[in-house]
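> please work out how this folds:
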Amino acid sequence: MIAMLAATGVACFQPETSPDPAVSAPGVEEASVEVAPHPDEAAGAAGHDLRVSGSEMAMRLELPDVVEKVMPSVVGINTERSVRQMASPFGRSPFGGHPFFGPRGMPQQPQERVQEGLGSGVIVDAEGIVLTNNHVIEGADTIRLTLNDGREFEAEVVGSDPQSDIAVLRFKDAPDDLKAIEFGDSDALRLAESVVAIGNPFGLSSTVTLGIVSAKGRGNMGIVDYEDFIQTDAAINPGNSGGALVNLRGELVGINTAILSKSGGYQGVGFAIPSKMARGIMESLVETGKVSRGWLGVMIQELTPELASALEIPESARGVVVSDVQPQSPAARAGLQRGDLITSIAGRSVSSPGELKNRVGMAQPGTEVEVAYLREGQAMKGRLELGALEDAAGVASAPGFAPSPVEGLSLQALNDELRAQLRVPPALRQGVAVTEVAPGSEAARLRLRPGDVILEVNRRPVSSPADVSQLWQTSRGQVLVLLYRQGATIFMTLPAN
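Predicted coordinates:
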């Protein structure tokens, strides 16, 4: 379970958690201090001494000073929102009558009550700008900020971005002595580098926990649309959301956002939005009140060994497979095609769909970038100007309803009626619709679905069930199928027999 950590009455949002005594921070090599191994570790260490660098030890000793410096920049956030509820559905009222009806059977009106929420935030500008999570303040009627010294102030929302879970607040009447935190370079973080999480878990103000960077670039978590999380084991709990993740120099490197937990509490796996991403979104919200994202105009998917073999992509290649290119898009104008493997954009390599999505989405529309890709084993490059994401049009698909090369699969050539029923865009001129998949059949096992439209088999366009059967039956080992599904085109590698 992934929990987002802003405490709301009983429900809560959460960031990461877990103090870790093993601290490792980047630094120059200096005189080192020898540490004798614990008796239980001696055997595993094969007699080698554990060594801690002098610079690392010094940073640990200076940690209280770092926390004291940063603490005034972290605020507690209290929200109130009105919610409407019906009376309790559990049995009849002890005062007589039905819980949903009055004494004469008249429907009761929903009752309004105030729901309170708790979270954290970070002062990033002494003029009164605060960075936090969108889920901390979403739907709030009133927002109060509490400083480290206990003073309380009302705040207003400057802007929010649910797709990244970032929100920006402003003090309505900012005091003159606000202290802004310094931004650090989240890209420069190293694995096992020590970090400190500061926030207000369970309303306990100014709570500090110590941990390390467990991983970087975590995506595909299903938390928000744009994910590039720092994973940490610094303890984060409900109420920590929106709080600061800082390095041992007291610089902001992340905004604590969520935890991975089976219990809803800290289990050593937390996630923070990198400060570089948060800062870019914040600046856009402050300047324009919205976030404008770049648009490339491609459908993409992960490169699997099976897909690499089917597309004859070298084993050493790393990148993202293009499964479709939208007409009149920046990618189309740059000459990208289905089956291309994008290896880098703007000079930075990409190895997953999430990584490419983040790189493009965090760039401003109109930005000119270079795209490197492989096509039939040949390295190619092209330059393009990113469009605006709001200009992209999505297309939905719907389920639909004769024999095929796979048991349990019914196919029908795409006609005007099916095209309208499945909402197939005009750009897809031909294809074969999957009209039925028998439960428990071979087709079901291959994860084919009613409503899928088969566009290609082994890179050959198809327009009839006979085309599909002929190309399928002449395949050896596996079949490369290009499908249109739920508004996107995707490649699938399926066994030929």
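> check contacts around Pro201.
Counting by CB atoms under 8 Å, 6 or more residues apart in numbering, Pro201 touches 5, 207, 235-240. C-beta here means a position set from N, CA and C on the backbone, and glycine is covered the same way.
> with pLDDT, neighbour count and distance to Arg338 added, can I get these in JSON lines?
JSON lines is the format used below for those (pLDDT from 0 to 100; neighbours: other CB atoms under 10 Å; distance: CB to CB, whole Å):
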{"residue": "Leu5", "pLDDT": "60", "neighbour count": "36", "distance to Arg338": "41"}
{"residue": "Thr207", "pLDDT": "93", "neighbour count": "20", "distance to Arg338": "51"}
{"residue": "Ala235", "pLDDT": "91", "neighbour count": "25", "distance to Arg338": "47"}
{"residue": "Ile236", "pLDDT": "89", "neighbour count": "36", "distance to Arg338": "42"}
{"residue": "Asn237", "pLDDT": "87", "neighbour count": "29", "distance to Arg338": "46"}
{"residue": "Pro238", "pLDDT": "86", "neighbour count": "27", "distance to Arg338": "46"}
{"residue": "Gly239", "pLDDT": "88", "neighbour count": "30", "distance to Arg338": "48"}
{"residue": "Asn240", "pLDDT": "92", "neighbour count": "40", "distance to Arg338": "44"}
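> quick one: which of the residues you listed sit in strands?
When strands are assigned by DSSP state E, the members of these inside them are Thr207.
> reformat the contacts of Pro201 as JSON lines; add distance to Arg348.
Compiled in JSON lines, the contacts of Pro201 are given as follows (distance: CB to CB, whole Å):
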{"residue": "Leu5", "distance to Arg348": "31"}
{"residue": "Thr207", "distance to Arg348": "36"}
{"residue": "Ala235", "distance to Arg348": "33"}
{"residue": "Ile236", "distance to Arg348": "29"}
{"residue": "Asn237", "distance to Arg348": "35"}
{"residue": "Pro238", "distance to Arg348": "36"}
{"residue": "Gly239", "distance to Arg348": "36"}
{"residue": "Asn240", "distance to Arg348": "31"}
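> what's the closest of the contacts of Pro201 to Ser292?
Leu5 (28.4 Å; CB to CB).
> tell me the mean pLDDT over the helix of greatest length in the chain?
In the chain, with assignment by DSSP state H, the single longest helix is helix 275-288. In this model, helix 275-288 has an average pLDDT of 94.
> on contacts alone, who are the packing partners of it?
Counting contacts by 3 or more CB pairs under 8 Å, 6 or more residues apart in numbering; DSSP states H and E, helix 275-288 is packed against strand 129-132, strand 152-161, strand 166-171, strand 251-260.
> what's the closest of the contacts of Pro201 to Leu147?
Nearest member of these to Leu147, counting by CB to CB, is Thr207, at 15.0 Å.
> start to end distance for stretch 193-206?
Start to finish, the residues bounding stretch 193-206 are 22 Å apart (CA to CA, to the nearest Å).
> returning to what we had before: distance between the longest helix of the chain and the chain's centre?
On the basis of CA atoms, centre = their mean, to the nearest Å, helix 275-288 is displaced by 17 Å from the centre of the chain it belongs to.
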